[in-house]
Each structure stands twice: as structure tokens, then as C-alpha cells.
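> take this sequence and fold it.
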Amino acid sequence: MLEELKSRVAAETAARGGRARRIALTDSTFRDGQQCLWATRMRTEHMLPAAPLFDAAGFDTLETIAIVQFDGAVIYLQEDPFERIRLLRERIRRTPMRGALRSNLLHGFAPLGFDISELFLECQLRAGMREIAFLESLHAWEIIAPGVRKAKELGAKTTVAVLYNDAPGYDAAYYEAVARDAVRLMAPDGIMFADAGGTMTLEKLREIIPAVRRGMGSEVRLEFNTHCLTGLGPLLALEAVTLGADGVFVTTEPMAFGPAPPGALWLARNLRELGYEVDIDEAPLERIGDYFTALAAREGKPLGQAAEYDPRQYQTQYAGGALENMKAQLRAAGIEDRLEDVLAEISRVRLELGSPIMATPFPAIVAAQAVMNVIHGERYKVVPDEVKKYACGHYGRLRIPVEEQAMDRIVANGSKAIALEPPELAPVLPDLRRRYPNMAPEEMLLRFMYGDGRIDALSPARTDLTLDTTHPMVALFEGLARMEAGLNVEISGEDFSFRVGP
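Okay, here's the model as predicted:
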């Protein structure tokens, strides 16, 4: 396999007059890596010490935050996500930071008027973002086209996600047309082809990546994004580059592999082995790896590990970041022991709902119905509002319709307040500005998204931490041990005892 890839790269380099093609790496440790492995619970204070190293590593872009990280920061960490962006930008001077917009959805899954999404976009750019990625999981480009145009007006580079789905009708011809339409309607700087569930096979990759490239043309940057849930992610990333991808999403080891994207060091080294040029400095990445390894040990967080092959992943197609967050939610609800039942039900519900692309917001919507089915013992007895909105087209036209029997149960048992036809979306900002006159737009936006109580409870992020991740108790013991002779100190607890003295 390696020799075949090398031969392909050598032929490409020869056709370019002996000039090796340069491959860009976009790092998503602060966004996707921690979402996939730490359920989006990485604090701002954990990011800041490593930020200058990320800036020095040679990445083309640092994907820093999306709406899920806004949720995690405010709801679970009591942190201001806009403060996070500003603090990171103070430490990341060279490398562009990338934010994101998720269709016409902010916190929660209620479609909103464009004016509030436009404000969200402006606030991210004002805080320090230079690039914005746009996600629309039904490929309903008319929903995000105004945002892409606005971002370009404001001087940001734009990337539009085209999302893989293992379902009928999502073939090479479909993806060629989707990519062509995205470029024609929005003229983004880049297309990100994303395999959120990590379920793409080599055969599908070899059909679809060239088709996407044909559809988008050669002038637009093509990025490839996958996850390593089936163990194929690293190989898919290498193969995608040989098929025409200009860049790959990575996360830094040890926040890589498993449910996360491939590792930056691993990919850089193997791309160079194939004959590509990669502008990555390995020394900062080694230090980042040491830092996160020690930090995970101190905080009791998991590290990325190579995933075992699990064919069930092709049934659930459940994305890595969504899976880790769902586990955390089941744990909090005291039903973590029902995980296997929920995963089996996710596979069934997904098919009944028309096999949606398992990217935000649809993993959460499918899982919500699956959890209700498992808990109540009767399928579709309880229907979350978001499931009925999805089935009735509130998020956009469905490529594959909901199965008739499931649709009947959803309409019968779902909220009667939800219209069977999607309503026209009204502007949000006029009422919001009357409610919060003379308030900074960032604070007004956060209060709209999360409520006054949560925003009142936010605390400033610590900015005094360093790359030293020594546990405070260990630091205390080491300091005591270095003090002058004659000191007599004893510290004991339920399962430990420490003594310094003669």
C-alpha cells in the first residue's frame, strides 16, 4: 500500500516539474480533539499555556471553537467563550484561528432568523477569528449563503462543509453536484469534505474525493476531515491527499485517534515519507504532546488511542464528539449501563428518519429519540420537539423521507404546538435589543443563548498557568523537601501519608 501511494505521489511530482505539492494541516485540538475525547470539558486555562506552541508549529489554521464549545464553556465550565477567543488570540499571533457557524442554529436546535446568526458571526470575528467554517448538514445552501457572503464582506476566509453519508443516493454524482452548487452559490475560499462518523471506506473515498474536486474546480482549497472510529482514519487521510485534497484536519497527539481525527505528528511524518512538503515543526508538537499527556493524568481525562475495528459504527454512524458527549449525558442521568441499548436503537431510528447525515445537529436528535424509546419501552411514545421539527422539514428538505409508520407516530405523539409546515423565521434582534438596551453585543448574545442566570455565574479564566502540570500536592511536597533541615511536617489523609523531617 505504501509503495503504491509513493508511486502515485512520485508521478504527480514529476508532472509538476519535480516540485513536491505542499499539504496544509489544520489543527482542531481545541475544538474537535477535546470534543471527541473530553466531552468538550477542556478549560480555557488548560489551552492558554500551549497556545504559543500551536502558533509556532506551522499549522495553516487553528480550528478553535464552534457552538458546541460555546455550550461547554458556559453550561459546564462557567466560562465566557468570547473571552477564550480573545485570550487565545493574544497568544496566537501568526496562525489564523477559525470559528464556525452551524446552519441557522445557535444554542439548542431551534432554527432562528439570520440576523442573530449574523451577530454571532460578527462577534467571533471581533474577538479574533480570521476564518469561519459553515456547517449545513442537509446541504441546504440557501440557509448559510447569507452568512458566507457576510463573512467575506467582513474580510474573513470562508470554508463550507460537504458531509459524507453512507446512505442511498449519496454517491459520487451527488457529491460532485453538491460541491459545484456550493462554489457557484457562495464562492467560499475552501470546501471541507467531512467524514464526521468515520465510516468512509477506501472504495467510497476513491469515488467521491475526485468527484468533489471535479465539482468544485481546482481554484478552491479542498480540506479532508475524518475520524478514527473504525481505525481507517489515518489511511483515509493519506489516500485523500493523493486523490487531490490540499489539506487535512488533525489534532495533536495525544488528543488524536480513537474517536478523534488523525494525529498531527503521525500525518506530517507519513506525508513527508510519501514525498509531500509539509511545513510542520515537530519540536513544538512534541512539547504539546508532553503537556497534554501530563494534563490528562492530572485532570483524570482520557487520551486518544487507536480504535479497534467495530462494524457497528457503520450502522450508527455516530460522530466521535457526539458520542463522547452522549456518554457523559447518560452518565449524568444514571443510565450509562443502557449505552449498548441506546446505540442499537440509534441505528434503527436513523434509518426510520431517512438516514440523515450524522453531523450536528442530527446525532443529538436521533439519539434523543433513541433514548426516549429505550427509557419508555415503547417506540415513539415520547417524541422530542426536535424530532418532530426534523420530520416536518423545519431544518430543511429531507433527501430521504421519514418512514411512513414512524412519521405517523411522530405526528400523533409530538407536540401539537409544532407546525406540520416550517414557519417563516422572524428577526430576533429587535426584541433582544429592547430587552437589553446599551449592552455589549457579545453579552447580549450569550444572555439570549443561555439565559441571565448562567451568564451571571461566569467567572474569568485563569491566565497565570504554565506548561508545568505538576499536581499541586506534588509541588508542595517537593518544596517542603527542599527546605532547610530541621523542618518537621506531616500530612496525612484517608489513603496517604507524607512526612518531611528528621
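> quick one, grab the pLDDT at the residue nearest to Arg206 when sequence neighbours are not counted.
Leaving aside its chain neighbours, Arg206 sits nearest to Leu243 (6.6 Å; criterion: C-beta to C-beta, 6 or more residues apart in numbering). For the C-beta atoms, the positions are set from N, CA and C on the backbone; glycine is no exception. Leu243 carries a pLDDT value of 96.
> look at Leu243 and say how many residues are nearby.
18 (other C-beta atoms under 10 Å).
> wait, it sits on Ala211?
No - checked against C-beta atoms under 8 Å, the pair Leu243 and Ala211 is beyond contact range at 10.0 Å.
> with just CA atoms, put stretch 340-351 into CSV.
Extracted C-alpha coordinates of stretch 340-351, given in CSV (Å, rounded to 0.1, in the frame of the first residue of the first chain):
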residue,chain,number,x,y,z
GLU,A,340,-25.4,-0.6,24.2
ASP,A,341,-29.3,-0.5,24.1
VAL,A,342,-29.2,3.2,23.1
LEU,A,343,-26.6,2.6,20.3
ALA,A,344,-28.6,-0.3,18.9
GLU,A,345,-31.7,1.9,18.9
ILE,A,346,-29.8,4.8,17.3
SER,A,347,-29.1,2.6,14.3
ARG,A,348,-32.8,1.8,13.9
VAL,A,349,-34.1,5.3,14.5
ARG,A,350,-31.6,6.7,12.0
LEU,A,351,-32.9,4.5,9.2
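> list the buried ones in it?
342-343, 345-350 (16 or more other C-beta atoms under 10 Å).
> what sits against the residue nearest to Arg206?
205-206, 209-210, 213 (C-beta atoms under 8 Å, 6 or more residues apart in numbering).
> and those residues, which of them are buried?
205, 209, 213.
> so the residue lying closest to the last one once chain neighbours are set aside: helix, strand or coil?
When you say that, I think you mean Arg213. Leaving aside its sequence neighbours, Arg213 sits nearest to Gly244 (C-beta to C-beta, 6+ apart; 4.4 Å). Under DSSP: H, G, I helix; E, B strand; the rest coil, Gly244 falls in the coil class.
> what's the neighbour count on the residue lying closest to Leu53 once chain neighbours are set aside?
Nearest residue to Leu53, sequence neighbours excluded (C-beta to C-beta, 6+ apart): Pro284, at 4.2 Å. As a burial measure, Pro284 scores 19 neighbours (other C-beta under 10 Å).
> list phi and psi for Ala39.
phi 50, psi 40 (degrees, to the nearest 10).
> so where's this protein shaky on pLDDT?
Scanning the chain for pLDDT under 70 picks out 310-313, 315-325, 469-487, 493-502.
> in it, which helix is the longest?
helix 282-299 (DSSP state H).
> related to what we said a few turns ago, from memory the residue nearest to Leu53 sits against Ala57, does it?
Yes - at 4.3 Å, Pro284 and Ala57 qualify as touching, with contact defined as C-beta under 8 Å.
> which residue, other than its chain neighbours, is closest to Ile67?
Arg102 (4.9 Å).
> give me the contacts around stretch 271-288.
2, 5-6, 9-10, 13, 20-25, 29, 50, 53-54, 56-60, 238, 241-242, 252-253, 264-265, 268-269, 467.
> got a ChimeraX select line for the buried ones in those?
Typed into ChimeraX, the next command selects the buried ones out of the contacts of stretch 271-288 (criterion: 16+ other C-beta under 10 Å):
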select :5,9,13,20,21,23,24,25,29,50,53,54,56,57,58,59,60,238,241,242,252,253,264,265,268
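> return the subset of the contacts of stretch 271-288 lying in strands.
Residues of these located in strands (DSSP state E): 24-25.
> hmm, back to that, got CSV for the contacts of Leu243, with distance to Tyr175 and secondary structure too?
Formatted as CSV, those follow (distance: C-beta to C-beta, whole Å; DSSP: H, G, I helix; E, B strand; the rest coil):
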residue, distance to Tyr175, secondary structure
Leu205, 11, helix
Arg206, 13, helix
Ile209, 9, helix
Pro210, 10, helix
Arg213, 10, helix
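> which one of these is nearest to Ala161?
Here the nearest of the contacts of Leu243 to Ala161, counting by C-beta to C-beta, is Ile209; it sits at 14.6 Å.
> what residues are up against the closest one?
193, 222, 224, 240, 243-245.
> one more: Leu458?
Per C-beta under 8 Å, 6+ apart, neighbours of Leu458: 74, 78-80.
> looking at those, which two lie furthest apart in space?
Gln78 and Asp80 (8.9 Å).
> is it true that the residue nearest to Arg213 touches Pro210?
Yes - with contacts counted by C-beta under 8 Å, Gly244 reaches Pro210, the gap being 6.4 Å.
> ok so, going back, how far away is the residue nearest to Leu53 from Arg91?
Noted for Pro284: a distance of 13 Å to Arg91, by C-beta to C-beta, to the nearest Å.
> what do you get for Ala194?
Taking C-beta to C-beta, one finds Ala194 at 28 Å from Arg91.
> who's more crowded, the two?
Each of Ala194 and Arg91 had its neighbours counted (other C-beta under 10 Å), and the higher figure belongs to Ala194 (23 against 16).
> can you map out the strands along the chain?
24-27, 61-63, 97-102, 131-135, 157-163, 190-195, 221-226, 247-250, 489-492, 497-500.
> compare these and give me the one nearest Ser415.
strand 97-102 (22.9 Å).
> and the nearest residue to Met216 once chain neighbours are set aside, what is it in contact with?
Distances taken as C-beta to C-beta, 6+ apart put Ala179 closest to Met216, at 4.3 Å, once the chain neighbours are dropped. For Ala179, the contact set (C-beta under 8 Å, 6+ apart) comprises 162, 191, 211-213, 215-216.
> let me have the residues you listed in a markdown table, adding distance to Gln369 as columns.
What follows is those, written out as a markdown table (distance: C-beta to C-beta, whole Å):
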| residue | distance to Gln369 |
| --- | --- |
| Val162 | 26 |
| Ile191 | 31 |
| Ala211 | 32 |
| Val212 | 31 |
| Arg213 | 36 |
| Gly215 | 33 |
| Met216 | 34 |
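> whichever of these end up buried, select them in PyMOL.
Filtering these down to the buried ones (16+ other C-beta under 10 Å) takes a single PyMOL command:
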select buried, resi 162+191+211+212+213+215+216
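> measure stretch 400-408 end to end?
16 Å (C-alpha to C-alpha, to the nearest Å).
> thanks again, I'm all set now.
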